[in-house]
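Chemist: my questions are about this predicted structure, shown below with the sequence.
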Amino acid sequence: MPSSRPEALSRSLKNRHIQMIALGGAIGTGLFYGSAASIRLVGPGIILSYLIGGAAIYLIMRMLGEMSTEEPVAGAFSHFAYRYWGGFAGFLSGWNYWLLYILVSMAELSVVGLYVNYWLPHFPSWATALTVLVAVTALNLLNVRSFGESEFWLSFIKIAAIIGMILLGLALIASGIDHRAAGLSNLWIHGGFLPNGIRGLLLSLVVVMFSFGGTELIGITAGEADDPRRSIPRAINQVIWRILLFYVGALAVLVVLYPWNEIGTQGSPFVLIFSRLGIPAAPDILNLVVLTAAISVYNSGMYSNGRMLYSLAEQGNAPRVFLRLSGRRVPWAGILFSSSCTLAIVVINFLVPEGAFMRVMAVATAAAALTWLMIVLVHLKFRQAHAGKELLFPSPWHPWTNYLCVAFLLGVVALMTQLDDTRPAVYVLPVWIAVLYAGYRVRTRRPAASI
């Protein structure tokens, strides 16, 4: 690790910012559009799928929360992997997470143009992507408080939409506006609660788990939280149950309101509920929500990548230029570099067919599974190093929950081979790890101060 430590990042994020940052990363198009795909796999059992996935991600976030509360630093799991497992573990964790959010950011930036085209069909998609890129980059360069406030309100819009969906759905069920659809019997009369059996339940976990991607941003914020030993535990405990409430609540209302085999045949589940109420502006409302969701996730990705590069540079696993902070203690070099990488989506929109780009996104989902697996394994190393110490926010039932989460995540990766959209990513994952190892070997042949 470099011997000279730069000025610390600014600790300006409040508890409400941290909670909304995590919610903003985890609640996005996976719920607004992607939920239809998971419902087709498992039927009404989607409720059980999210409860299982939510329990797993809660245990993983408790492990991350324990480490982040003891050592609130930028980079979170990359820092812990580097310190408690070794150089390559830190290198792999940091660069894998950076790539993950570069790919996610590129995807979100790409669809922003499609959403704006709904209102302005003749406005070039590349121009929309470029405009959002410049605006979000500029916002992140201001100061961390500006980022926190913007993400708070972007996430607030998404959450308000979900709460509105749940309340409107309950109103439909209670009022009996649609006698054909509404009723608890929809949970079992169309082939049963698990119409595709246990296999359908297991396969749905592949889609469900990636809906929880972004919750690990809580760890990234620890380096800039104003009171991390209080705000990190509170954020983890509150965010998880809120995510479960929003996902499980919204989808439970949906599968009670409509036969599960009709969901996804008429567009987004949100459109189904709004249109059934006779709201003519339903498509516009939905489009505004998903546009906000895309910008929110891109905003979170820009924040995360700048801090991850800062942490990697602290370890000597990235060029030292990424240690540079602005006068407001913002890692401007990492933000600008990450922003320039996502700029490639403007070119990709012209050159790469949509199907090929979706395969790239499947690699991003595999990278998310690798990130969670590293958190669980590094936590075992962390506990060994702190044996006998009274911890501030200990994760429950160590080490058995670690072993359970490892088995669960390996099972999810194995299940990815059973779905056409995700199978190629499983084969790409070992290649990506090999590339990272080669990069690390090159790095170790050069002095840290020279990069």
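Modeler: Perfect, thanks for sending it. Numbering: from 1, shown residues only.

Chemist: okay, which residue is most central for the chain?
Modeler: Centroid check for the chain by CA atoms, centre = their mean gives G214 as the closest residue, at 2.3 Å.

Chemist: ok, that residue to I220 distance?
Modeler: G214 sits 10 Å away from I220 when distances are taken as CB to CB, to the nearest Å. Where C-beta positions appear, they are placed from N, C-alpha and C, glycine not excepted.

Chemist: same deal with W95?
Modeler: Counting by CB to CB, the gap from W95 to I220 is 15 Å.

Chemist: between those two, tell me which one has more neighbours.
Modeler: Neighbours of W95 and I220, each counted by other CB atoms under 10 Å, are more numerous for I220; the result is 30 against 21.

Chemist: does the more buried one touch G306 like I think?
Modeler: No: contact status for I220 versus G306: not in contact, 9.7 Å apart, counting by CB atoms under 8 Å.

Chemist: how about low-confidence regions in the stretch 351-451 of the chain?
Modeler: Residue ranges of the stretch 351-451 of the chain with pLDDT under 70: 351-361, 446-451.

Chemist: what ranges do the helices span in it?
Modeler: Remark: helices assigned in the stretch 351-451 of the chain by DSSP state H, counting those that start in this stretch are 354-385, 400-416, 423-444.

Chemist: among the ones you listed, which is nearest I198?
Modeler: helix 400-416 (11.8 Å; CB to CB).

Chemist: what's the helix or strand for M308?
Modeler: Element membership of M308 [criterion: DSSP states H and E] is helix 282-315.

Chemist: how far away is the residue lying closest to I47 once chain neighbours are set aside from A56?
Modeler: With sequence-adjacent residues excluded and distances taken as CB to CB, 6 or more residues apart in numbering, I47 is closest to A252, at 5.3 Å. Noted for A252: a distance of 19 Å to A56, by CB to CB.

Chemist: so those two - more neighbours on which side?
Modeler: Neighbours around A252 and A56, counted as other CB under 10 Å, are more numerous at A56. The numbers are 22 against 17.

Chemist: what is the mean pLDDT for the helix or strand hosting that one?
Modeler: Secondary structure assigned from DSSP H and E places A56 in helix 46-70. Here helix 46-70 scores 91 as its mean pLDDT.

Chemist: try stretch 331-346
Modeler: When the per-residue pLDDT values of stretch 331-346 are averaged, the result is 86.

Chemist: can I get it in CSV, CA atoms only?
Modeler: C-alpha atoms of stretch 331-346 as CSV (Å, rounded to 0.1, in the frame of the first residue of the first chain):
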residue,chain,number,x,y,z
PRO,A,331,-12.2,11.8,-6.2
TRP,A,332,-12.5,13.7,-9.5
ALA,A,333,-9.9,11.6,-11.4
GLY,A,334,-11.8,8.3,-10.7
ILE,A,335,-15.1,9.9,-11.6
LEU,A,336,-13.9,11.4,-14.9
PHE,A,337,-12.2,8.1,-15.9
SER,A,338,-15.3,6.1,-15.1
SER,A,339,-17.4,8.6,-17.0
SER,A,340,-15.2,8.4,-20.1
CYS,A,341,-15.5,4.6,-20.0
THR,A,342,-19.3,4.8,-20.0
LEU,A,343,-19.1,7.3,-22.9
ALA,A,344,-18.4,4.2,-25.1
ILE,A,345,-22.1,3.4,-25.0
VAL,A,346,-22.7,6.2,-27.5
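
Chemist: ok now it, how far from the chain's centre?
Modeler: When C-alpha coordinates are averaged (CA atoms, centre = their mean, to the nearest Å), stretch 331-346 and its chain have centres 19 Å apart.

Chemist: could you list the buried residues of the helix holding A56?
Modeler: Under the neighbour-count criterion of 16 or more other CB atoms under 10 Å, helix 46-70 has 46-50, 52-70 buried.

Chemist: next one: stretch 335-345
Modeler: Applying 16+ other CB under 10 Å to stretch 335-345 flags I335, F337, S338, S339, C341, T342, L343, I345 as buried.
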